[in-house]
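K.L.:
Provided below are the primary sequence and the corresponding predicted coordinates.
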Amino acid sequence: MEVIIQKDAETAALLVARLIAKELHLKPHLVLGLATGRTMERAYRWLVKMHKECELDFSLCRTFNLDEYIGLAPANEHSYRHYMNEHLFNKVNIDLRNTQLPNGMAKDLDVECAHYEHLIADCGGIDVQLLGIGVAGHIGFNEPLSALRSRTRPKALTPITLTQNAPMFGGDMRKVPKRAITMGVGTILEAKRLLVLVTGPEKAEIVAKAVEGPITSMVSATALQLHPSCTVVVDEPAASKLEGQEYYRWVFSHEPEWREYREPLIT
Ligand code: F6R
């Protein structure tokens, strides 16, 4: 795992967008795993800008989102399908038929989850999975006690997550769906590369646990430590409780693989 500390949320999101753009250039048929939430909005804005101004090409790319609320139709403004269309898909040259999210309206949720796993496998697996971390320590919607080998399945959301996501539902946590379909921790760990973006002071404690704490199913994000190719990009506020900050900064400013990313494109 590498931890890259950037000065603010915008610079952190830009770095993640640049890493995704590089992967897309190297492999136009990239299978990209995507996340939703407020943190990702910035990263998607940068990707849209790169598409418009630098011709970043999504035409051959296929995507799989981590999760979708159960009971929300794709057209519902709170669904993650709607979020993805609004923030990314409708603004770049991706073929919507190549974009997948779990179907939260499926009659048989177990069948839907198995189908989603098959779709991912049929594409040869996910090349790059974008992730955020929730205040409850989740990746996807893998709430506390999610098995470290769990697969795509329905999951009940914790009150912490319902509160975290309430702003997207007019501030009323009672309006947030109580369940979601989510890729499992095991599904996520099978992606070839993980790119994690976490920003803001409210995430400082959970980032420290995820990166430096003991691996436990109580904090699904600690499973990131098991992945052989995981890059965590954080802003200063989110990094503030990391004990190894000095070392992480040294690695980023000295290791050859990060050379092209050291010069910030914005100041
Ligand atoms: C959403 C998802 C979640 C979010 C996490 C952070 O698809 O998978 O794990 O990434 O809850 O959300 P924000 O960015 O809203 O704090």
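P.N.:
Cool, the structure landed. Numbering: from 1, shown residues only.

K.L.:
can you show me the strands along the protein?
P.N.:
Using DSSP state E, the strands found in the chain span residues 2-6, 31-34, 62-65, 67-69, 99-100, 128-131, 153-156, 179-182, 193-198, 230-235.

K.L.:
Gly140: which of these is closest?
P.N.:
Proximity to Gly140 (C-beta to C-beta) singles out strand 179-182 among these, at 4.1 Å. (Glycine included, C-beta is placed from N, CA and C.)

K.L.:
can you pull the buried residues of that closest one?
P.N.:
Residues of strand 179-182 classed as buried: Ala180, Ile181, Thr182 (neighbour count, 16 or more other C-beta atoms under 10 Å).

K.L.:
how about the second one, what does it touch?
P.N.:
This points to Ile181. Counting by C-beta atoms under 8 Å, 6 or more residues apart in numbering, Ile181 makes contact with 67-68, 70, 102-104, 109, 112-113, 116, 152-155.

K.L.:
the first one too?
P.N.:
The neighbourhood of Ala180, defined by C-beta under 8 Å, 6+ apart, consists of Asp67, Glu68, Tyr69, Ile70, Gly104, Phe141, Pro154, Lys155, Leu157.

K.L.:
likewise Ala17?
P.N.:
Taking C-beta under 8 Å, 6+ apart as the contact definition, Ala17 lies against Ala43, Trp46, Leu47, Met50.

K.L.:
if we can go back for a sec, dump the strands of the chain to JSON lines, plus mean pLDDT and distance to the ligand.
P.N.:
Supplementary listing: the strands of the chain in JSON lines, determined by pLDDT from 0 to 100; distance: least, C-beta to the nearest ligand atom, whole Å:
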{"stretch": "strand 2-6", "mean pLDDT": "98", "distance to the ligand": "16"}
{"stretch": "strand 31-34", "mean pLDDT": "99", "distance to the ligand": "8"}
{"stretch": "strand 62-65", "mean pLDDT": "99", "distance to the ligand": "7"}
{"stretch": "strand 67-69", "mean pLDDT": "98", "distance to the ligand": "5"}
{"stretch": "strand 99-100", "mean pLDDT": "98", "distance to the ligand": "13"}
{"stretch": "strand 128-131", "mean pLDDT": "99", "distance to the ligand": "6"}
{"stretch": "strand 153-156", "mean pLDDT": "98", "distance to the ligand": "11"}
{"stretch": "strand 179-182", "mean pLDDT": "98", "distance to the ligand": "7"}
{"stretch": "strand 193-198", "mean pLDDT": "99", "distance to the ligand": "8"}
{"stretch": "strand 230-235", "mean pLDDT": "98", "distance to the ligand": "12"}
